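**Q** Below is the structure, and that's it, no one-letter string:
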C-alpha cells in the first residue's frame with residue numbers, strides 16, 4: 001500500500017490481489033479466534049479454570065496454615081531432639097480423658113425430666 005495519498009501505488013495488479021488475499025486470510029483467522037473466545041463453551045471453561053485456580057490457591061493457603069498449627073502443637077509435645085515431652089503429654093492426656101468421661105456421663109443421663117411423686 002502507499003504510504004501517503006499523494007504517492008502513487010506502484011504495485012502490480014497481481015501484487016494487489018496477493019495483498020488482498022493475505023489480508024482476507026488474516027481477517028478470517030482473527031474472526032475465527034474471536035469466535036472461539038466468545039463461544040459459550042470457552043467462556044464456561046475459562047470460568048471453571050479461574051474458579052479451580054482460586055480454590056487451589058485457597059486450599060494451598062489453608063494447608064500451610066494447618067501445617068503451621070500442627071507444627072506448633074507438635075513443638076509443644078516433642079523436644080527438639082524428637083523425644084516426647086512427658087511433662088506436657090501426661091497432663092494433656094489426663095484432660096482429654098476427663099473431658100471424654102464427662103461427655104460419656106452426660107450422654108448416659110436420662111434426657112427425659114423426672115417427675116416427683118406426690
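**A** Noted; the coordinates are in hand. None of these values were measured; they are calculated from a predicted model.
**Q** the helices in the chain, which residues?
**A** 13-38, 40-77, 86-108 (DSSP state H).
**Q** can those helices go into JSON lines with extra columns for mean pLDDT and distance to residue 7?
**A** All C-beta spots, glycine's among them, are computed from the backbone N, C-alpha and C. Written out in JSON lines, the entries for these read as follows (pLDDT from 0 to 100; distance: least, Cβ to Cβ, whole Å):
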{"stretch": "helix 13-38", "mean pLDDT": "94", "distance to residue 7": "15"}
{"stretch": "helix 40-77", "mean pLDDT": "93", "distance to residue 7": "43"}
{"stretch": "helix 86-108", "mean pLDDT": "90", "distance to residue 7": "89"}
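**Q** Let's have those in JSON lines, adding mean neighbour count.
**A** JSON lines is the format used below for the helices of the chain (neighbours: other Cβ atoms under 10 Å):
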{"stretch": "helix 13-38", "mean neighbour count": "10"}
{"stretch": "helix 40-77", "mean neighbour count": "10"}
{"stretch": "helix 86-108", "mean neighbour count": "10"}
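**Q** phi, psi of residue 80?
**A** Backbone torsions of residue 80, given as degrees, to the nearest 10, read phi -60, psi -30.
**Q** What count of nearby residues applies to it?
**A** Residue 80 is surrounded by 6 other residues when neighbours are defined as other Cβ atoms under 10 Å.
**Q** So it versus residue 74, what's the distance?
**A** Using Cβ to Cβ, to the nearest Å, one gets 11 Å for the distance from residue 80 to residue 74.
**Q** cool, residue 105 as well?
**A** Separation of residue 105 from residue 74 (Cβ to Cβ) stands at 31 Å.
**Q** Likewise for residue 22?
**A** Taking Cβ to Cβ as the measure, residue 22 falls 67 Å from residue 74.
**Q** Please apply the same query to residue 99.
**A** Taking Cβ to Cβ as the criterion, residue 99 is separated from residue 74 by 21 Å.
**Q** do residue 56 as well
**A** Looking at residue 56 against residue 74, where the rule is Cβ to Cβ, the gap reads 26 Å.
**Q** likewise residue 41?
**A** Using Cβ to Cβ, one gets 48 Å for the distance from residue 41 to residue 74.
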